[in-house]
Structure formats: C-alpha cells, structure tokens
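> Curious how this folds, go ahead:
(one chain, ligands or ions: 3)
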Amino acid sequence: MTEPVLNKEQTDTSIRITGESVEGQETVLNEGALSLLEVLCREFADEVPKLLAARKAKQAVIDGGSLPDFLPETRAIRDGDWQIRGIPDDLTDRRVEITGPVDRKMIINALNANVKVFMADFEDSLAPSWSKVIEGQINLRDAVRGEIEFTAPETGKHYALKDDPAVLVCRVRGLHLIEKHVEFNGKPIPGSLFDFCLYFYHNYRQLLAKGSGPYFYIPKLESHVEARWWAKVFAFVEERFCLTPGTIKCTCLVETLPAVFEMEEILYELRSNIVALNCGRWDYIFSYIKTLKNHPDRVLPDRQAVTMDKPFLSAYSRLLIKTCHKRGALAMGGMAAFIPAKDPAQNEAVLAKVRGDKELEARNGHDGTWVAHPGLADTAMSIFNEYIGEDHVNQLHITRDVDAPILARDLLLPCDGERTEAGMRLNIRIALQYIEAWINGNGCVPIYGLMEDAATAEISRTSIWQWIQHKQKLSNGKLVTKDLFKEMLVEELANVKLEVGPDRFTRGSYTQAAVLLEQITTSDELVDFLTLPGYEILTQAD
Ligand SMILES: CC(=O)SCCNC(=O)CCNC(=O)[C@H](O)C(C)(C)COP(=O)(O)OP(=O)(O)OC[C@H]1O[C@@H](n2cnc3c(N)ncnc32)[C@H](O)[C@@H]1OP(=O)(O)O
Ligand SMILES: O=CC(=O)O
Ligand SMILES: [Mg+2]
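Ligands and ions are numbered 1, 2, ... in the order given. Below you'll find the model as predicted:
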C-alpha cells in the first residue's frame, strides 16, 4: 500500500521540508515517516543542544589543565555484575565489515563483498547534501527489499544483489550535525534523528521478517549521558511500534577520548539495545588532539607515525576489548586506511600493511574489523578466520583478565615520533584535497593511496593547528607559525594544481578549500568539526 505523499512545505505536522525535491523522495518522505519524525523531534530534539553544551563544559575543565579520567560517580556501574541483553544471531559473526557511503552502486558492491556486515554510512564518508541523504535512504530501502539494481551510465555495467548479501547496519550522523532541510517548529532538526527515523521507519518490518533487524552504528558519542539519550529514543520507538524491548540494536563507536573513560557506562545505559563497541581509531586520534589541545605535552607527531601499536592506542584497543567481553558485547576493530593499488607490486605492499594491522587487532582479541574496499575483504577475512578458529564465530571468550589493569594514564600517554616538514606539507595537501571533495559533495576519496574521510582529514588539519598553537619545531629546526603555514599553503596549493592538472583544478574549488583550510587552521579557537563550516558551503545554494 502506498502512503500519501507530502510535497515541499506541505506537511500538516510541525515538520517542514525546505529542501528541493529529489527524484523518488516520495517513497521516503511519506506521511508515516514524517509523523514519526515529528514525535521524535518533539520528544528528543531539544535535548541535543544541552548534550552538546555539556561537551563544551567538560572540555573547558580539560582546557583548564585537568586530564580526563574515569568517573567517580559511576563506579557502581563499573563494579557491578551485569551483561548486555544479547546479540541477535545475524550479528554474532562480524569478523569483517565493509563500510562505505550510501551511493547506489557502492551499496550493491558492499552487500555482495566477502564480508559479514555492511556499514552503510551517513557519517564520516558522506558529505550530507540533501540529495545524497535522500537518495541514500531510497537506496537502503530498495536494498532491504532486495530490489536494488544499478546500471553504470559510463560502462553499461549492470549491478544487482547476489544471494546471501551482508547484514546491513546503518550509521547515522553524529549529534553535532543538523539537517537544515528539515525544520521542526522553525528550527533545523538533528541529522541523527532524521537518519535514524527514516531508516527505521522504512525498513524495520522487512528486516525483522527476514530474521534481521533495525541495526545502527552510533558515531562520535562523548558520554554515557548521550548514550542514555539514544536509549530513550530506541525505547520510545520500540514502544510506539509495539516491538519487544531490545529489538533495535546498535553498535557504538568509541571514537572520542572522553568516551573511552565511559565505555562501561555507555554499555550499561544502552544494555537493552547495544551489541558492540567499535574502535573508531581515526576520530579517536582527532579527538585526542582536540580534547588535549591545551596540553603541550600531548602534541602528536606526523600523522603517519600515529599507528595502532603506539602505547596510547594499544591501551584503547585492549581496554575496549576487555570491557566489551566482560559485558557480553562484541569488540570491533577499526579501519586500516589503505586501499588497493593498481600496480601489483605496490598492492602486495598494501596487503602486507593491512595484514599487519588486522593481525594486531585479532591478536588483541577484537571480534572483527573494518575494510574500506572490497579488495581488502579476503585479506582481513583470512586473518580473522585464523584467530577465531573453527570452534567459534567471534572472540568473546578472550577476557584479557590476566592483563595488568589499563589505567587513565595509559590512555593518555604522549605519542613519540617526529614532526617533519614533509609531514606538515602532506597534511596540507590532504586537507586541501579532502575539503575540496567534501564541499563538492564527495565525502570519501582516495588520496595518495589512502582512504580519506572526515575523520582522517580532521587529523591532518588539527595537527597543523596544534603545532602552531604549541610553537612546535619541525625536525629540520623550522618553527611552526601561522606565517609558515600560510607560505606552505600557497606552495602546496600550487603542487596540488600540478598533481591534479590545470583542467581539474579549474573545474574544482581548490581555492575555496584553501580559504576554509586557512581559516580553521589559523583561528585561535579550534573549530570543533571541519564539517560544520563545510556544511555551510555544501548547502549554500539550497
Ligand atoms: C574513519 C572511518 O569512518 S572509516 C569509514 C568511512 N569510510 C569509508 O567507508 C570508506 C569507503 N571506501 C570508499 O569510499 C572507496 O573505497 C574509496 C573512495 C576510498 C576508493 O574508491 P575508488 O577509488 O572508487 O576505488 P576503486 O576504483 O578501486 O574501486 C573499485 C571498485 O570497488 C568498489 N568499491 C570501492 N570501495 C567500496 C566500498 N567501500 N564499498 C563498496 N564498493 C566499493 C567501487 O565502487 C568500484 O566498483 P566497480 O569496479 O564496480 O566500479
Ligand atoms: O569512524 C571511524 C573512525 O575511525 O573515525
Ligand atoms: Mg569516525
């Protein structure tokens, strides 16, 4: 049965759609979905600015010289004997998950890849223009119904789902992002509520009917109070749709420094709905820079030197595993940013790096990992197969009980490594090219053989900001200043022009990207997320 269609600005609810019409939007912006969106906004939207303000208040204390620590007031939760509610059958084996934006062709490729799960991303890898967000929901709706097909206009190649596709998990936007094309009572609504509402509403019945369920990845949480907000959203929706409590399942990324100190509490707040935590290492590194931005002894080296074997990152991975397994939750690893190279010899080197990274995760006791590209799925799969063995489907039995306790100071250890001119210039070129892609609607791009998305690019631009603020000397003795950065920016913009060629450069928005990069790198206040000013540019014509 088709539901009534609502056109731009014509709802009888307090929800107002201000975005331009997108082809096919009537299938996802229908009366039922908008009516759920309205109640969700009425119940929960007002709390989001308060949660964001609480982040700022906590940050002010750390900026004043304190370091993050485990919370004394929640000790009883950490000491208590409790478990999460349980893991549905189709989420017990997550040894390899592919991630990718909600582009139609990529969704089909991802669901067909040799992986257990596909994380369909409205976050780090998506520049959330109105059309991309709506098309993404249409694509996922079609995918859930097994009706997704695509023919590439350039090649004529036809894409369709194979039998037995990967399990679908939808990553919604973080709490800091708004969806400005939808207003509730005259104000833009939280992007997270929009993504959650549409994916849930259009797919929960079909997913449950085939033995799966409405599964979500929740990004960039900073506290258990934010987790409580999500728990309330889930419980509210379950009750409204007469679903058994715990039908909605989520995996939370632990990808901010504040959140690593509240992992037990996050699991506890969401214990009815949560099945796993995930080491979102790239945002975590970005958050380490951001959270400790006033601490001169915590300045990071070149981005390439910040690898998962560094003590502070190793402590993060091991504590996450220990915490999850104690509570019956899975502990997912993260993303190696390498992507396959066309040249076979170079590709061997890429696969060796991916193998090393995945072995470290599997050896630590992670239950699964992420790959950015189907060409890496077999490599990750073979490593996790080896560690998980024939008798298990995950590593929940690895409790890490014999490890020495992991303390706050382990999570906060400074990271050694050089700060080089080459590293600074590379950060500039990466940030420039990524911002240029993002403001033109492409949230994930290959740059110099690596996958770059919002999280990796944040590291590049905040590293430079941090080096300027803390008057770092590069390994060649040069002092990092705003002026040095500006000089390098001009030079690296010229280098990017040489690399991409004059045609691409002229067609693109590199100068606009350089202006934004200069603003956010030389401002004394650290801009919270590059996607906030980026979103203004991305949507300025709307
Ligand atoms: C920090 C984090 O949050 S990590 C999570 C967010 N990041 C991501 O999800 C990264 C997703 N990955 C990607 O977007 C892409 O792999 C990129 C942009 C890095 C590279 O893309 P491309 O340059 O197009 O890769 P390439 O040309 O090698 O692709 C080959 C094929 O694999 C497909 N492919 C590549 N990556 C993916 C993916 N993640 N999912 C599905 N299909 C993919 C391409 O669509 C292409 O298909 P085709 O041969 O049918 O045309
Ligand atoms: O979302 C993942 C990350 O590494 O950031
Ligand atoms: Mg992230």
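
> and this structure, which residues reach ligand 3?
Along the chain, the residues adjacent to ligand 3 under the rule C-beta under 5 Å from the ion are Asp124, Glu255, Gly280, Asp283, Ala455. Every C-beta, even on glycine, is put in place using the N, C-alpha and C of the backbone.

> Apply 6 Å and report the result again.
By the rule C-beta under 6 Å from the ion, the part of the chain lying against ligand 3 is Asp124, Pro219, Leu253, Glu255, Gly280, Trp282, Asp283, Ala455.

> Looking at per-residue confidence, what score does the fifth one get?
On the pLDDT scale, Gly280 is placed at 98.

> Now for it, how many residues are close by?
By the criterion of other C-beta atoms under 10 Å, Gly280 has 27 neighbours.

> got the phi/psi numbers for the closest residue to it other than its chain neighbours?
Nearest non-adjacent residue to Gly280, counting by C-beta to C-beta, 6 or more residues apart in numbering: Glu255, 3.0 Å away. Here is the backbone geometry of Glu255 (degrees, to the nearest 10): phi -130, psi 20.

> heads up, I number from 16, so please use that
All set: I'll call the first residue 16, so the last point we hit is now Glu270.

> show me the contacts for Glu270.
With contact taken as C-beta atoms under 8 Å, 6 or more residues apart in numbering, Glu270 is in contact with Pro234, Lys235, Asn293, Cys294, Gly295, Arg296, Trp297, Asp298, Tyr299, Ser302, Ala470.

> One more: Leu508?
Counted by C-beta under 8 Å, 6+ apart, Leu508 has contacts Leu447, Tyr525, Thr526, Ala529.

> Show me which of those is closest to ligand 2.
Leu447 (20.3 Å; C-beta to the nearest ligand atom).

> The closest one: how many residues sit nearby?
Using other C-beta under 10 Å, Leu447 is surrounded by 25 other residues.

> The helix or strand containing it - contacts with which helices or strands?
Using DSSP states H and E, Leu447 falls within helix 436-454. Contact here means 3 or more C-beta pairs under 8 Å, 6 or more residues apart in numbering; DSSP states H and E; on that basis helix 436-454 packs against strand 460-462, strand 465-467, helix 469-484, helix 497-515, helix 525-537, helix 546-553.

> quick revisit: considering the contacts of Glu270, which possesses the most neighbours?
Asn293 (30 neighbours).

> related to what we said a few turns ago, so the helix holding Leu447, near ligand 1 or not?
No - Helix 436-454 lies apart from ligand 1 when judged by C-beta under 6 Å from any ligand atom; the minimum separation is 9.3 Å.

> Next, the buried residues of that helix.
436, 438-454 (16 or more other C-beta atoms under 10 Å).

> what's the domain layout of this protein?
Taking automatic domain parsing as the reference, the chain has its domains at 30-423, 436-556.

> got these as TSV, with distance to ligand 2 columns?
Listed next are the domains of the chain as TSV, based on distance: least, C-beta to the nearest ligand atom, whole Å:
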stretch	distance to ligand 2
domain 30-423	3
domain 436-556	3
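
> Show me what from the stretch 316-465 of the chain comes close to ligand 1.
Contact residues, the stretch 316-465 of the chain versus ligand 1 (C-beta under 6 Å from any ligand atom): Met350, Ile354, Pro355, Ala387, His388, Pro389, Cys459, Val460, Pro461.

> can you rerun that using 8 Å?
349-350, 352, 354-355, 357, 385-390, 459-461, 465 (C-beta under 8 Å from any ligand atom).

> and the two most separated of those?
By the measure C-beta to C-beta, Gly349 and Lys357 form the most distant pair in those, at 25.2 Å.

> in the stretch 216-365 of the chain, which spans are helices?
Per DSSP state H, counting those that start in this stretch, the stretch 216-365 of the chain carries helices over the ranges 239-255, 272-275, 278-284, 296-306, 326-341, 359-379.

> got CSV for those helices, with distance to Ala509 too?
Below are these laid out as CSV (distance: least, C-beta to C-beta, whole Å):
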stretch, distance to Ala509
helix 239-255, 43
helix 272-275, 36
helix 278-284, 45
helix 296-306, 27
helix 326-341, 35
helix 359-379, 27
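
> and of these, who's closest to Val130?
Of the helices of the stretch 216-365 of the chain, nearest to Val130 by C-beta to C-beta is helix 359-379, at 12.9 Å.

> That closest one: which residues count as buried?
Val365, Leu366, Val369, Arg370, Asp372, Lys373, Leu375, Glu376, Ala377, Asn379.

> what's the residue located most distally from the centre of the chain sitting at in phi/psi?
Within the chain, the residue lying farthest from the chain centre (C-alpha atoms, centre = their mean) is Gly492, at 36.0 Å. Main-chain dihedrals, Gly492, degrees, to the nearest 10: phi 90, psi -10.

> Show the pLDDT at it.
Gly492 is given a pLDDT of 98.

> Likewise for Ile421?
96.

> Are we agreed that it is in a strand?
No - Ile421: not assigned to a strand; according to DSSP: H, G, I helix; E, B strand; the rest coil it is coil.

> contacting residues for it?
Neighbour list for Ile421: Ala330, Arg333, Leu334, Lys337 [criterion: C-beta under 8 Å, 6+ apart].

> 6 Å - rerun?
Residues counted as contacts of Ile421 (C-beta atoms under 6 Å, 6 or more residues apart in numbering) are Ala330, Leu334.

> This completes my enquiry, with thanks.
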